[in-house]
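Chemist: Turn this into a structure:
(one chain, ligands or ions: 1)
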Amino acid sequence: MRKRIVAGNWKMNMNNKEAQALAKDVAKVLGNVTDVDVVLCPTFTSISAVADSIEGSSLGLGAQNMHWEEKGAYTGEISANMLLTAGCRFVILGHSERRSYFGETDETVNRKLKSAIKAGLTPIVCVGETQEERESGVTEKIIETQVRGALEGVASADFDGAVVAYEPVWAIGTGLTASTEQAQEVHAFIRKLLASIVGEEVAAKTRIQYGGSMKPANAAELLGQPDIDGGLIGGAALDAESFAGIVNAS
Ligand code: PGA
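Modeler: As a prediction, the model looks like this:
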């Protein structure tokens, strides 16, 4: 049985003070939850404040991006080790907003994945098709390219413990959610694909989150699907009560 994992992707929201307040609110309602992994992913600048606010709770901390190099002349970038030593255990990689606005490719996601694993961070690798791709019937092809690209050259044992997030781009921040059937279908496809890349055993253990307008009202149904092991939550993670509603549905 895979332990559920629900992560809040705060994106570029919440200044330091707001992030601290939200983290404290979340810790109040979810700070003792141990049957689900609950992870907060604030902006880089709030990582340290959030780390302090959730200290002693069961909540985990993650970042929204990182650079693949360990250190050096990369102005504006942040390495896996920096995240780790700031208190992060998780890092979101290849979010569709990074891919579409900041030029991330399967190749850069692959380099980041290798670097995150090497540093000891748990990666959350995001994949997902656009509306146009879904409508033209190439969803599986797109997902396969993204998953194979991200995992290129990654040893099966190294991928053990990693998390994948399926986020249909058309469902992110739009209020549109994939139907439970649509989501389950792609999750099952990803698991089968993973089995062919990293083997049955690791694939069966890999947690696959759904992301895209997940909220308390639709969480239970999505999370009731056999291959949906949690959620990557944007908008609904910015409010402690609604985030808790999703975690409690897990
Ligand atoms: P959303 O975002 O929940 O606001 O749709 C999800 C995500 O982008 O991770």
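Chemist: which phi and psi does whichever residue of the chain sits closest to the ligand have?
Modeler: Closest to the ligand within the chain is G234: 2.3 Å, counting by Cβ to the nearest ligand atom. The C-beta positions use only the backbone N, C-alpha and C, and glycine is treated the same way. Reported as degrees, to the nearest 10, the phi and psi values for G234 are phi -90, psi -100.
Chemist: can you start the count at 34 instead of 1 from here on
Modeler: Right, with 34 as the first residue, what we last looked at is G267.
Chemist: Surely it touches G244?
Modeler: Yes. Counting by Cβ atoms under 8 Å, G267 touches G244, with 7.2 Å between them.
Chemist: neighbour count winner among these two?
Modeler: Of the pair G267 and G244, G244 is the one with more neighbours under other Cβ atoms under 10 Å, namely 26 against 22.
Chemist: The more buried one: what's it in contact with?
Modeler: Shown in contact with G244 (Cβ atoms under 8 Å, 6 or more residues apart in numbering): 42, 159, 161, 198-200, 204-205, 264-267.
Chemist: can you check G127 too?
Modeler: Here G127 is in contact with 137, 139, 141-142, 145, 158-160, 179, 183 (criterion: Cβ under 8 Å, 6+ apart).
Chemist: phi, psi of the residue lying closest to W101 once chain neighbours are set aside?
Modeler: Closest residue to W101 apart from its sequence neighbours, by Cβ to Cβ, 6 or more residues apart in numbering: R144 at 3.8 Å. Phi and psi for R144, reported as degrees, to the nearest 10, are phi -70, psi -40.
Chemist: shared neighbours, G267 and G244?
Modeler: Counting by Cβ under 8 Å, 6+ apart, the residues touching both G267 and G244 are 42, 205.
Chemist: Quick check on V280: phi, psi?
Modeler: According to degrees, to the nearest 10, V280 has phi -60, psi -40.
Chemist: how about the residues of the protein near the ligand?
Modeler: Contacts of the chain with the ligand, taken as Cβ under 6 Å from any ligand atom, map to 42, 200, 205-206, 244-247, 265-269.
Chemist: rewinding a little: pull up the per-residue confidence for the residue nearest to W101.
Modeler: pLDDT, R144: 98.
Chemist: So which of the contacts of G244 are in strands?
Modeler: Within the contacts of G244, residues falling in strands by DSSP state E are 42, 159, 198-199, 264-266.
Chemist: quick check, distance from the longest helix along the chain to the centre of its chain.
Modeler: Counting residues, the longest helix found in the chain (DSSP state H) is helix 213-231. Mean-position distance between helix 213-231 and its chain equals 16 Å (Cα atoms, centre = their mean, to the nearest Å).
Chemist: re the thing from before, ok, the ones in strands among the contacts of G244 vs V187, which is closest?
Modeler: Each of the ones in strands among the contacts of G244 was scored against V187 by Cβ to Cβ, and C159 proved nearest at 15.7 Å.
Chemist: beta partners for the closest one?
Modeler: A198 (DSSP bridges).
Chemist: neighbours around E177, how many?
Modeler: 17.
Chemist: May I have the phi/psi pair for it?
Modeler: Backbone torsions for E177, taken as degrees, to the nearest 10, come to phi -60, psi -40.
Chemist: circling back to that earlier point, possible to save the residues of the chain next to the ligand as TSV with pLDDT?
Modeler: As requested, the residues of the chain next to the ligand are exported to TSV (pLDDT from 0 to 100):
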residue	pLDDT
N42	98
E200	97
I205	90
G206	87
G244	97
G245	96
S246	94
M247	96
L265	98
I266	98
G267	98
G268	97
A269	98
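Chemist: Farthest-apart pair in those, please.
Modeler: Greatest spatial distance among the residues of the chain next to the ligand (Cβ to Cβ): E200 and A269, at 13.7 Å.
Chemist: what about the residue nearest to A195 when sequence neighbours are not counted, neighbour count?
Modeler: Spatially, and ignoring its direct neighbours in sequence, A195 is nearest to P156 (5.1 Å; Cβ to Cβ, 6+ apart). Using other Cβ under 10 Å, P156 has 28 neighbouring residues.
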